[in-house]
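Peer 1: Please work out how this folds:
(chains A and B)
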Amino acid sequence: GQSLEQPSEVTAVEGAIVQINCTYQTSGFYGLSWYQQHDGGAPTFLSYNALDGLEETGRFSSFLSRSDSYGYLLLQELQMKDSASYFCAVVRDDKIIFGKGTRLHILP
Amino acid sequence: DSGVTQTPKHLITATGQRVTLRCSPRSGDLSVYWYQQSLDQGLQFLIQYYNGEERAKGNILERFSAQQFPDLHSELNLSSLELGDSALYFCASSPGLADRDTQYFGPGTRLTVL
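Peer 2: Just a heads-up that it's a prediction; the model follows:
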C-alpha cells in the first residue's frame, strides 16, 4: 500500500530542538514535502526534498533518506508560534499523499 | 496570504442537497488541486486540474465533480450530500505540473451538513 506514518503528537520546550519523523511504505515518488497547519488555518508549504540529504531553510531543516524510507523535519529554536500540525507528503502516480499529521505542542 | 481565494468561507446545508465551492488560484498558476480535510481522515487529495484539463484523480466520490474554467478558477460540486461530507475543503494551486510538491493553499471552505 501507500502510506506515510508520522507520530500523532510531539511535545517540546520553547527554545529547544524537535524532530518530526515521517516513514513511508511507498516507492517511486519524486520527493518529500512538509507542510505546517495552524489550528483553523490552511496548510502552508515549508520545504521539499528532491534528493537525499538535508535541506535547510532558516530555523527549519528537512531530511530525506530513500534507502531508509525515512524523512524528518527539524525545528530549531522553537517558538510558541511553531505550535501547529506538521504534515509530510509525497507525489506518486500523479496523486498527492499526505501523512495524517503530527501535532506539535510547545511548552513555555 | 497565499494568493489563493476560496468562497464561501462557511456553508451549512442539509443532507441530500448540492453545493458548489469556488476557488481562484494564485495569479499565473495553472494547476488547481482540491482536498478534503476531516478529523478522522486527515488531508485527502480529491482531484487536480491543469490549464483546464483534469490531470489526476484521488479519493473523489462519484457524487463529487469539479472543473477548471478558461480563466483558471475552479469549482468543486458536491451533490446528494451526506452527514459524512462535513469537512474542510481546501483548494491549492501551483505554477505548473512538475511542482505538485510545492502548493499554495487557500483558506478553505468549512462545509457542515445537517
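Peer 1: who in chain A is up against chain B?
Peer 2: Residues of chain A found near chain B (CB under 8 Å from any CB of the partner chain) are A:30-31, A:33, A:41-45, A:48, A:50, A:87, A:89, A:91, A:94-101. The C-beta positions use only the backbone N, C-alpha and C, and glycine is treated the same way.
Peer 1: Phi and psi next, for the most centrally placed residue in chain B.
Peer 2: Nearest to the geometric centre of chain B sits B:W34, at 3.0 Å (CA atoms, centre = their mean). Torsion angles at B:W34 (phi, psi; degrees, to the nearest 10) stand at phi -120, psi 140.
Peer 1: any idea how far it lies from A:I106?
Peer 2: B:W34 sits 32 Å away from A:I106, going by CB to CB, to the nearest Å.
Peer 1: Name the spans of the chain whose pLDDT lies under the cut-off.
Peer 2: Reading this off chain A. Counting by pLDDT under 70, the ranges of chain A that qualify are A:1-2, A:26.
Peer 1: switch to chain B, that's the one I care about
Peer 2: B:98-101.
Peer 1: what packs against the top strand by length along chain A?
Peer 2: The longest strand of chain A (DSSP state E) is strand A:84-92. Judged by 3 or more CB pairs under 8 Å, 6 or more residues apart in numbering or on different chains; DSSP states H and E, strand A:84-92 is in contact with strand A:4-5, strand A:18-24, strand A:32-37, strand A:70-75, strand A:95-98, strand A:102-107.
Peer 1: Sheet partners, orientation included, of that strand?
Peer 2: Sheet pairing here is set by DSSP bridges, and for strand A:84-92 it gives strand A:32-37 (antiparallel), strand A:95-98 (antiparallel), strand A:102-107 (antiparallel).
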